[in-house]
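Here's my sequence, what's the structure:
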Amino acid sequence: MSARGVVWLGLALAASPLAWSDAAPADADPLGERTGGATTVWATGKNAFSFPAANLSDAERTRFVIGNSFFKRNWVMAPASTTARDGLGPHFIARSCGACHALDGRGAPPDFRKGLADEQPLALLLRLSVPGTDAHGGPRPEPVYGDQFTNAAVPGVTPEGEVTVRWKPIHGRFADGTPYTLQQPLYGFRKLGYGPMAKDVRVSPRIAPQVIGMGLLEAIPEAEIERNAAEQAAMPGPIKGQPNRVWDVVAGREMIGRFGWKANVATIAHQTAGAFHGDIGITSSFFPEESCTPKQADCRAAPRGARGQTPEIDDKTLHDVIFYQAALAPPARRNARDAQVLRGQRLFAQAQCAVCHRPSYVTGDAPFPHLTSPALKGQTIWPYTDLLLHDMGDALADGRPDFRANGRQWRTPPLWGIGLIKDVNGHQRLLHDGRANGVLEAILWHGGEAEDSKQQVLRMSREDREALVKFVESL
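This is a model prediction of the structure:
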């Protein structure tokens, strides 16, 4: 690992107050208490993920509030008197962005204790594809049900069906004899509305993550992501991350992917327009056609929004929602000087976790300046990610390629805010489909390039394991 990956290890950081404040401490920030630099907010509790970047102008804060409204309020089916918010469906998963990203936080899968889940997942979607690629090198949609499964529909349109989730316990032990049990999800479909799927369908579950700091991640220079890959390639050992390169519909060109569980989206603009289109059924200038397949005649015949006009969300409203997500601030670190946290920090480095979860960057220019704030540029941020794809082993493999990501690779998720998910959303479900209940279970699911790191954790004492978790939850 290069010096920039380990320099942070011996540094200390003041604990933060519990109330949110725009005012950041005036002293230096060697350990990354200000996770987002000058954008950071000091916040805990249920609304910790919902504050605007602390350094926004008054005009930008007004735009943030407008975007927040369209992010969190429900869309309705057409025709409706509320023409600014109609056009829901014909197929959809949720009625708003905030339904999946509750309080701008993370979704959870159905409760494994229910066995066969009767409740339909809301914040968990299932991507679909068949072998081959589309015109831009991305996954080829399943011919009957498209690129993702939607389990809700407006009246007069047949829902695509229902998702089932079963849970299989997997038992193991730490080296000191302490037992643990993981829960492996097994996915299926029932009540298919348009007949059987292709026999060679590939299915990938994706949970809705927290949306803090997205504008800062977007402003990380591409050269830094490529540098991560080059430095890992030159290191001994199995950790060899790779960037995904994906088609961005807004830019109209291939770019390095940095969002999504397989880094299959390059920009917030594409992510937002794509989610409106696939999850809520709202067309835009970037995705002007409803996502109805040729076999879904009732879907194609359903009413459109805004008195039958398309697109159903105008550019200004869409841009305000994009700005809102770009401007959501990461909350400050907590308890960084705690002795147990500092011990866990050293263990995090010793286990080589910081190779993939690179601590810090300095942000540069955003790809679409009119959709974000200049206040995000030039910030020293601490997201703990390399934004690269890594082979995570058989246990986490979905077998579904996504642009240059293969069926065993996943993007390193940022760790900032991870210790506040329970405060915000009332759970600690982690990884790409929420199968892990907390930080330690997430580590135990690691394999592939991270197998050696996991083995080190399995050999740790209880005290060391608790310290490692305490550090990660301080981020």
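
alpha carbons only for contacts and neighbour counts from here, please
Fine.

Would you map the helices across the stretch 151-300 of the chain?
Assigned by DSSP state H, counting those that start in this stretch, the stretch 151-300 of the chain shows helices spanning 214-218, 222-234, 268-275, 297-301.

To residue 105, which of those helices lies closest?
helix 214-218 (12.4 Å; C-alpha to C-alpha).

Residue 431 and residue 136, how far apart?
28 Å (C-alpha to C-alpha, to the nearest Å).

Show me which of those two is the more surrounded one.
Counted by other C-alpha atoms under 10 Å, residue 431 and residue 136 do not tie: residue 431 has more neighbours, with 23 against 14.

In this structure that one contacts residue 443, no?
No. Between residue 431 and residue 443 there is no contact under C-alpha atoms under 8 Å: 9.5 Å.

Contact partners for residue 214?
When contacts are counted by C-alpha atoms under 8 Å, 6 or more residues apart in numbering, residue 214 touches 268, 325-328.

One more: residue 219?
Contacts of residue 219 (C-alpha under 8 Å, 6+ apart): 363-367, 376-377.

Tell me, how many residues neighbour residue 316?
Quick note: residue 316 (other C-alpha under 10 Å) scores 10 neighbours.

ranges for the strands of the stretch 351-475 of the chain?
All strands of the stretch 351-475 of the chain, identified by DSSP state E, counting those that start in this stretch, fall at 361-362, 380-381, 389-391, 409-411, 429-430, 436-437.

Show me what the last one is in contact with.
So that's strand 436-437. 182-183, 427-430, 442, 445.

one more time with 10 Å, if that's ok
108, 182-184, 427-431, 442-445 (C-alpha atoms under 10 Å, 6 or more residues apart in numbering).

what about burial for the residues you listed, which qualify?
108, 182-184, 427-431, 442-445 (16 or more other C-alpha atoms under 10 Å).

Go through those residues and say which is closest to residue 406.
residue 431 (17.2 Å).

Spatially, and excluding backbone neighbours, which residue is closest to the closest one.
residue 442 (6.4 Å; C-alpha to C-alpha, 6 or more residues apart in numbering).

Local confidence estimate at the one you found?
Residue 442 is assigned 98 on the pLDDT scale.

And residue 95, by the same measure?
Looking at residue 95, its pLDDT reads 96.

Just give the number of residues close to it.
Neighbour tally, residue 95, other C-alpha under 10 Å: 22.

How about residue 164?
19.

That one against residue 189, yeah?
Yes. With contacts counted by C-alpha atoms under 10 Å, residue 164 reaches residue 189, the gap being 5.6 Å.

re the thing from before, dump the contacts of strand 436-437 to a markdown table, plus distance to residue 408.
Listed next are those as a markdown table, based on distance: C-alpha to C-alpha, whole Å:
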| residue | distance to residue 408 |
| --- | --- |
| 108 | 22 |
| 182 | 19 |
| 183 | 19 |
| 184 | 16 |
| 427 | 26 |
| 428 | 24 |
| 429 | 21 |
| 430 | 17 |
| 431 | 14 |
| 442 | 16 |
| 443 | 16 |
| 444 | 16 |
| 445 | 13 |
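
List just the nearest of the buried ones among the contacts of strand 436-437 to residue 276.
residue 108 (19.9 Å).

Go ahead and confirm the closest one touches residue 124.
Yes. Contact criterion C-alpha under 10 Å: residue 108 and residue 124 qualify, at 7.0 Å.

Below-threshold pLDDT in the stretch 151-300 of the chain: ranges please.
For the stretch 151-300 of the chain, no stretch is flagged by pLDDT under 70.

For it, which segments count as strands?
Counting by DSSP E, counting those that start in this stretch, the strands of the stretch 151-300 of the chain are 152-153, 162-173, 179-190, 202-207, 245-248, 253-256.

out of these, nearest to residue 273?
strand 245-248 (11.0 Å).

mind saving the C-alpha coords of the closest one as PDB?
What follows is strand 245-248, C-alpha atoms only, in PDB (Å, rounded to 0.1, in the frame of the first residue of the first chain):
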ATOM      1  CA  ARG A 245     -16.700   1.400 -17.700                       C
ATOM      2  CA  VAL A 246     -20.300   2.100 -18.500                       C
ATOM      3  CA  TRP A 247     -22.600   4.000 -20.900                       C
ATOM      4  CA  ASP A 248     -23.900   7.200 -19.400                       C
END
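
who touches that strand?
So strand 245-248 is contacted by 135-138, 253-258, 263-267, 269-271, 402-405 (C-alpha under 10 Å, 6+ apart).

mind showing which ranges of the stretch 301-450 of the chain have poor pLDDT?
306-309.

redo that, cut-off 90
303-310 (pLDDT under 90).

Which parts of it are helices?
Under DSSP H, counting those that start in this stretch, the stretch 301-450 of the chain gives helices at 305-308, 315-327, 339-350, 353-356, 421-425, 439-444.

wait, which of the ones you listed is closest to residue 202?
helix 439-444 (23.6 Å).

other SSEs contacting the closest one?
With contacts taken as 3 or more C-alpha pairs under 10 Å, 6 or more residues apart in numbering; DSSP states H and E, helix 439-444 sits against strand 179-190, strand 429-430, strand 436-437, helix 451-459, helix 462-472.

Redo these as a markdown table? Include distance to residue 354.
Putting the helices and strands packed on helix 439-444 into a markdown table (distance: least, C-alpha to C-alpha, whole Å) gives the following:
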| stretch | distance to residue 354 |
| --- | --- |
| strand 179-190 | 24 |
| strand 429-430 | 18 |
| strand 436-437 | 20 |
| helix 451-459 | 10 |
| helix 462-472 | 11 |
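
hey, which of these is tucked in deepest?
Comparing the helices and strands packed on helix 439-444 by mean neighbour count (mean count of other C-alpha atoms under 10 Å), strand 429-430 ranks first with a mean of 24.

so what strands line up beside that strand?
Paired strands of strand 429-430, with direction, are strand 436-437 (antiparallel) (DSSP bridges).

how far out from the middle of the chain is the strand it pairs with?
Its chain's C-alpha centre and that of strand 436-437 lie 16 Å apart, by C-alpha atoms, centre = their mean, to the nearest Å.

sorry, back to before: how about the strands of the stretch 351-475 of the chain, which one is nearest residue 58?
Closest among the strands of the stretch 351-475 of the chain, using C-alpha to C-alpha: strand 380-381, at 22.7 Å.

give me every residue that touches the residue nearest to residue 431.
182, 429-432, 434-436, 454.

Looking at those residues, which is nearest residue 199?
Closest to residue 199, out of all of those and judged by C-alpha to C-alpha, is residue 432, at 24.3 Å.

For that closest one, give me its contacts.
Here residue 432 is in contact with 124, 204-209, 260-262, 396, 410-411, 413, 442 (criterion: C-alpha under 10 Å, 6+ apart).

Over to residue 218?
257-259, 266-268, 326, 363-368, 372, 376.

what's the answer for residue 177, then?
Taking C-alpha under 10 Å, 6+ apart, one finds 458-459, 461 in contact with residue 177.

Distance to residue 82 and pLDDT added to these, as TSV?
Shown next, in TSV, are those (distance: C-alpha to C-alpha, whole Å; pLDDT from 0 to 100):
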residue	distance to residue 82	pLDDT
458	56	98
459	59	98
461	59	98
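
just those residues now: which is nearest residue 168?
The closest of these, once distances to residue 168 are taken by C-alpha to C-alpha, is residue 458, at 21.3 Å.

what about the closest residue to that closest one other than its chain neighbours, neighbour count?
Excluding the flanking residues, the one nearest residue 458 by C-alpha to C-alpha, 6+ apart is residue 174, at 4.9 Å. Using other C-alpha under 10 Å, the number of residues around residue 174 comes to 16.
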